[in-house]
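Engineer: with the input below, show me the fold.
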Amino acid sequence: MSDGTVRLERDGPVARVWFDRPHAMNAMTWKMYGEFEQICGTLTGLPDLRVVVLRGVGGRSFVAGSDIAQFAEFKDGADGIAYERRMDGILDAFAAVPVPTLAVVDGLAVGGGLNIAAGCDLRIASTGARFGVPIARTLGNCLSMRNYARMAAGLGEAFAKRMLLLAELVTAEDLAGTGFLARIVPPEEMDDTADQLLAKLCSGAPLSMAASKTALGRLARTALPPDDDLILSCYGSDDFREGIRAFGEKRRPGWTGR
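Structural biologist: Numbers count the residues shown, from 1 in each chain. Purely as a prediction, here's the structure:
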């Protein structure tokens, strides 16, 4: 199965980032994360850039999380801390892009895909698109404090708890009242809606939007509490190893709380 790729295309003042692994619902491999990180650095230095749009190839998924098979390489909780720090670094690099960012979500935005979408300034979704972080029924791992903060800020604490504790995949329509999505439109209207929003973002005052984005980002990152103890407790657990085995064997995990 292909490791996939993340591609950058320039269209005048618009940069388009494509997550391209459609046969695996655009689940992210280590290679793809590395490419995305490099693209974030490139975007920060592009002249005359006004907006960035992120989208998955294939129309069935934005990003269906990290490729779970890769977690079989993990030996203990320290690997979990290293992974979460790496993900924080990539999303911090994306947050440092000084222009507005837009996620266009067809199909699934799950796990790491939801984290990437939550890291965008704006999001639109097709009707029936699904969002979630079902780690409580899949791997038994956890998120970094920064990703929990993004979920709580974007969805509200109550809805974030619904997603995390019930391990639900909710629809775009379920999210309509949260403010997380700027637009929800039928699939056939996604391209036109995205183009309209991109045109509006390109017409705004660049320095004003950059200041607002930077200020809100600074507020979101202020005084986050530590999380190493939480990450160690999950990634270093027997339950996490059971989740990996169960995924490979295509069965439900047998959780023990150890």
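
Engineer: so which residues of the stretch 101-250 of the chain form helices?
Structural biologist: In the stretch 101-250 of the chain, the helices defined using DSSP state H, counting those that start in this stretch lie at 112-118, 145-155, 157-166, 190-203, 206-220, 228-235, 238-249.

Engineer: the last one vs helix 228-235, what angle?
Structural biologist: Think helix 238-249. Counting by axes from the mean of the first three to the mean of the last three Cα atoms, to 10 degrees, helix 238-249 lies at 40 degrees to helix 228-235.

Engineer: before we move on, the earlier item: let me know which of the helices of the stretch 101-250 of the chain is the nearest to Gly89.
Structural biologist: Closest approach to Gly89 among the helices of the stretch 101-250 of the chain (Cβ to Cβ): helix 145-155, 10.1 Å. For glycine as for every other residue, the C-beta is placed from the backbone atoms N, C-alpha and C.

Engineer: now for the closest one, which elements pack on it?
Structural biologist: Helices and strands touching helix 145-155, as assessed by 3 or more Cβ pairs under 8 Å, 6 or more residues apart in numbering; DSSP states H and E, comprise helix 77-95, helix 112-118, helix 157-166, helix 206-220.

Engineer: again, only using 10 Å
Structural biologist: Packing contacts for helix 145-155, counted by 3 or more Cβ pairs under 10 Å, 6 or more residues apart in numbering; DSSP states H and E, involve helix 77-95, helix 112-118, helix 157-166, helix 206-220, helix 228-235.

Engineer: which of those helices sits most buried?
Structural biologist: By mean neighbour count, with neighbours taken as mean count of other Cβ atoms under 10 Å, helix 112-118 ranks first of the helices and strands packed on helix 145-155 at a mean of 26.

Engineer: output it as CSV, nothing but the C-alphas.
Structural biologist: Provided in CSV are the C-alpha atoms of helix 112-118 (Å, rounded to 0.1, in the frame of the first residue of the first chain):
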residue,chain,number,x,y,z
GLY,A,112,-5.3,13.5,13.2
GLY,A,113,-7.6,14.7,10.4
LEU,A,114,-9.8,16.4,12.9
ASN,A,115,-6.7,17.9,14.6
ILE,A,116,-5.5,19.3,11.3
ALA,A,117,-9.0,20.7,10.4
ALA,A,118,-9.2,22.2,13.9
